[in-house]
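# Pasting a predicted model and its sequence here:
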Amino acid sequence: MIELILAEKLKMAVQELYQQQIDDKQIQIQETKKEFDGDFTIVVFPFVRLAKKSPEQTAQQIGDFLLHSTEEISDFNVVKGFLNLVISSDFWLTYLKNQENIKKIGFKEPTSESQTILVEYSSPNTNKPLHLGHIRNNLLGYSVAKILKAAGNKVYKTNIVNDRGIHICKSMLAWQKWGNNITPESANKKGDHLVGDYYVLFDKEYKKEINALVATGMDEDIAKKEAPLLKEAQEMLRKWEAEDSEVRELWKTMNDWVYKGFDVTYKKLGVDFDKIYYESDTFKLGKTEVMRSLKENTLYQKEDNSVWADLTNEGLDHKLLLRSDGTAVYMTQDIGTAILRHNDYKFNNHVYVVGNEQDYHFKVLKILLKKLGYNWADNLFHLSYGMVELPEGKMKSREGKVVDADDLIDKMVKTATEMSKELGKLNEMDANEAEKINYTTALGALKYFILKVDPRKTILFNPKESIDFNGNTGPFIQYTYARIQSLLRKAKEQNISYSAKLNIDITDKEKNLIKLIYKFEQVVQEAAQKYSPALISNFTYELAREFNQFYHDTKVLVESDNNKKEFKLTLSDTIGQVIKNAFSLLGIDVPNRM
RNA sequence: GGCCUCAUAGUUCAAGGGAUAGAACAAGAGUUUCCUAAACUCUAGAUUCAGGUUCGAGUCCUGGUGAGGCUACCA
């Protein structure tokens, strides 16, 4: 890496010129800003004191030294305390030429030293269909897994399905009461949507009961607990845990409807998993662990038989782990799941892609696991992402205030289709192929829209404004890729074969493009370190924008100098491959034409 | 009340303590006898407020204001 060479030479320079040792922390090598000449910039302010000279003089001195001692440096200039180094064209051309396997450009293969990383994402509840918030989760999880893998780790994607609990009992109860044996087939509706309808219905009826009780003079908080529907749902959960056959039967039937629906949505989104865990399988281990710790007095039991952890020493509250009726809560099963997974994979690192509303939950989970004696809990990492909000606020499934995942995807496809029709892009193509491309573009727009934002930040989504297809968008980058492929097809038609060249003059723009290709691998590493697909998005956008400018001012195929023409084709081809690879990390496909 | 996030053009997003705070959309003005105009070029427009640390702060610290989240025998 050229930056490392520069850093070493800089150390030598300071040693030679000022007889001082410097450590890595003082070394600041950054890319030179566009408005200045150069490729890399050394910030010399930290050395001014050692040099006992002005920043300009110091920079000049170090620059002189580096120019003479480093073959990669062809020139330098000084602006205030900034030493701008120019790297020779030769270096960049050689770099491009040395890319032998461009299909894998930027990606690292796992080795025996590689870390095993689990990425948990999706984690759906089986009582309602997926909405835009889940889309963000799924896209983030899938992308982070891809990025970690590309950075050289062994990665397994897992999904814990929250298939048991009071929430699913609510849907079941409502269906039992008011469903008249309706099925997805008879209703001609996706199973997850059908079950979701009954979840909403439960809430509606539940609220009616609360209001009725409040009208009799009962306090609202008490009414919430005393409403007969809730009591029935709780009774159903007890029966479920006692393995009552009738309840289990209904539970299995309705969950299967939901899974069928989820599979369709997952497929549309292009996400998948290496292993699916079910809470109904893991909660028992959680309960066993809790009971064990209770015996060991790490936990305590109240008079009503509920089991608690005292976390006041950690500055937190008391946390419930088993209800007074003995049933498990969310935390109980998550303890079980974590232990099971550690047994299964012996992971070095376990990333949980879960919304930031659960920050407290994961803080507690780690503490509890350590209390139970599992020191690997330190290796759990909660990738806490921001919510997707609507202009009127948070999405709420119970109240039906959501942007449904399936609806949104369909709408995007419709918009993409209209757009390509309007632009007359796919007119000569057969309908099947055109449909495929519209789909690719639609999902590219949606995925990029979500993933370009820093995961930690809240996303505001306005359903009234459609997601853009122009500017800093997925389709913009897909379009760039398609144009490159078109260029390469034309070259092929003209029987031009090409390879990278040395010893030619290249423009600044071309050098910048090679620099961006060079940077890709580092961007992947950084994205892996920060769990941030947004870094990949931003990088790819910059690359596409730079390429479009190059494409606009240079005509590749009419270039008279054959060496230059071949270089430009190689450059374009490589950039196309970088775009493709980068987008694959976001789970976005690139079309050969659009 | 306590704890945790966040705050940048009209809007949606960028900016590892470093140079003149970048883009896109929207607004306005242009570019097609030329490899795809879903492109390219130009104009106008922003760091919530008050302090502090630093040679240097959008970035770090303190406080104020505003928004969101958590603080459930929901998940």
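Here it is on my side, so go on.
# looking at this, A:His304 is in a strand?
For the record, residue A:304 is Asp, not His. No: under the criterion used here (DSSP: H, G, I helix; E, B strand; the rest coil), A:Asp304 is coil, not part of a strand.
# Quick check: phi and psi at it.
Dihedral pair for A:Asp304: phi -80, psi 10, per degrees, to the nearest 10.
# so the closest residue to it other than its chain neighbours, which of the three states?
Excluding the flanking residues, the one nearest A:Asp304 by CB to CB, 6 or more residues apart in numbering is A:Ser324, at 4.1 Å. Glycine gets a C-beta too; all of them are placed from N, C-alpha and C. For A:Ser324, the assignment made with three-state DSSP gives coil.
# in its sheet, what does the host helix or strand of A:Ile160 sit against?
A:Ile160 is part of strand A:154-161, with elements assigned from DSSP states H and E. Partner strands and pairing direction for strand A:154-161 (DSSP bridges) are strand A:116-120 (parallel), strand A:275-278 (parallel).
# now what about the longest one, what contacts it?
Residues external to strand A:116-120 that are found in contact with it (CB atoms under 8 Å, 6 or more residues apart in numbering): A:141, A:144-145, A:148, A:153-160, A:341, A:345-354.
# Tell me which of the strands paired with strand A:154-161 sits nearest to A:Phe539.
strand A:116-120 (21.1 Å; CB to CB).
# tell me which residues in the closest one are buried?
By neighbour count with 16 or more other CB atoms under 10 Å, strand A:116-120 contains the buried residues A:Ile117, A:Leu118, A:Val119, A:Glu120.
# what do you get for stretch A:305-317?
For stretch A:305-317, by 16+ other CB under 10 Å, it's A:Ser306, A:Val307, A:Trp308, A:Ala309, A:Leu311.
# Skipping adjacent residues, who's closest to the second one in space?
The shortest distance from A:Val307 to any non-neighbouring residue, by CB to CB, 6+ apart, is to A:Leu322 (4.0 Å).
# Same question for the fourth one.
Closest residue to A:Ala309 apart from its sequence neighbours, by CB to CB, 6+ apart: A:Lys319 at 4.7 Å.
# contacting residues around that neighbour?
A:Trp308, A:Ala309, A:Leu311, A:Met331, A:Val364, A:Leu368.
# Which residue would be the closest one in chain A to RNA strand B?
RNA strand B sits closest to A:Gly471 of chain A, with a gap of 2.1 Å, by CB to the nearest atom of the strand.
# out of the contacts of A:Lys319, which one sits closest to A:Asp263?
A:Met331 (28.4 Å).
# Put the alpha carbons of the one helix or strand that closest one maps to into PDB.
Per DSSP H and E: A:Met331 is located in helix A:330-345. Listed next in PDB are the C-alpha coordinates belonging to helix A:330-345 (Å, rounded to 0.1, in the frame of the first residue of the first chain):
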ATOM      1  CA  TYR A 330     -38.200 -12.100  25.100                       C
ATOM      2  CA  MET A 331     -35.000 -11.900  27.100                       C
ATOM      3  CA  THR A 332     -35.300 -15.500  28.300                       C
ATOM      4  CA  GLN A 333     -35.300 -16.800  24.700                       C
ATOM      5  CA  ASP A 334     -32.500 -14.500  23.600                       C
ATOM      6  CA  ILE A 335     -30.300 -15.900  26.300                       C
ATOM      7  CA  GLY A 336     -31.100 -19.400  25.100                       C
ATOM      8  CA  THR A 337     -30.600 -18.400  21.400                       C
ATOM      9  CA  ALA A 338     -27.200 -16.900  22.100                       C
ATOM     10  CA  ILE A 339     -25.900 -19.900  24.000                       C
ATOM     11  CA  LEU A 340     -27.200 -22.300  21.400                       C
ATOM     12  CA  ARG A 341     -25.500 -20.300  18.700                       C
ATOM     13  CA  HIS A 342     -22.200 -20.200  20.500                       C
ATOM     14  CA  ASN A 343     -22.400 -23.900  20.800                       C
ATOM     15  CA  ASP A 344     -23.200 -24.200  17.100                       C
ATOM     16  CA  TYR A 345     -20.600 -21.900  15.700                       C
END
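# what about the following helix or strand past that helix and RNA strand B, touching?
Once the chain leaves helix A:330-345, the next helix or strand it forms, by DSSP H and E, is strand A:349-355. No: applying CB under 7 Å from any atom of the strand, one finds strand A:349-355 separated from RNA strand B by no less than 7.8 Å.
# Give me the helices and strands touching strand A:349-355, please.
strand A:116-120, helix A:132-150, helix A:330-345, helix A:359-371, strand A:380-385 (3 or more CB pairs under 8 Å, 6 or more residues apart in numbering; DSSP states H and E).
# Off-centre distance for that strand?
11 Å (CA atoms, centre = their mean, to the nearest Å).
# Then stretch A:378-392?
11 Å.
# Report the mean confidence score over that stretch.
Averaged across stretch A:378-392, the pLDDT comes to 91.
# circling back to that earlier point, and the residue nearest to A:Ala309, which helix or strand is it part of?
Counting by DSSP H and E, A:Lys319 is part of strand A:318-322.
# and what of A:Gln15?
Using DSSP H and E, A:Gln15 falls in helix A:2-18.
# helix or strand right after that helix?
In N-to-C order, the element after helix A:2-18 by DSSP H and E is strand A:29-31.
# Neighbouring strands - and their directions - for the helix or strand just after that following strand?
Remark: after strand A:29-31, the chain's next helix or strand is strand A:40-43, criterion DSSP H and E. When pairing is defined by DSSP bridges, strand A:40-43 lines up against strand A:29-31 (antiparallel), strand A:82-87 (antiparallel).
# before we move on, back to that, for the residue of chain A closest to RNA strand B, helix, strand, or coil?
Under three-state DSSP, A:Gly471 comes out as coil.
# could you list every residue that touches it?
A:Gly471 makes contact with no residue, according to CB under 8 Å, 6+ apart.
# distance of it from A:Tyr479?
11 Å (CB to CB, to the nearest Å).
# and the closest residue to A:Leu365 other than its chain neighbours, what does it touch?
Among residues not flanking A:Leu365 along the chain, A:Asp334 sits closest, at 5.6 Å (CB to CB, 6+ apart). Counting by CB under 8 Å, 6+ apart, A:Asp334 touches A:Ile160, A:Gly286, A:His361, A:Leu365.
# what pLDDT does the third one get?
Okay, so that is A:His361. So A:His361 comes in at 94 (pLDDT).
# What is the neighbour count of it?
Using other CB atoms under 10 Å, the number of residues around A:His361 comes to 16.
# That one touches A:Met331, doesn't it?
Yes: using CB atoms under 8 Å, A:His361 makes contact with A:Met331 at a distance of 7.0 Å.
# how far away is the residue of chain A most remote from its centre from A:Leu17?
Seen from the C-alpha centroid of chain A, the residue lying at the greatest distance (CA atoms, centre = their mean) is A:Thr216, 50.0 Å away. Distance of A:Thr216 to A:Leu17, computed by CB to CB: 88 Å.
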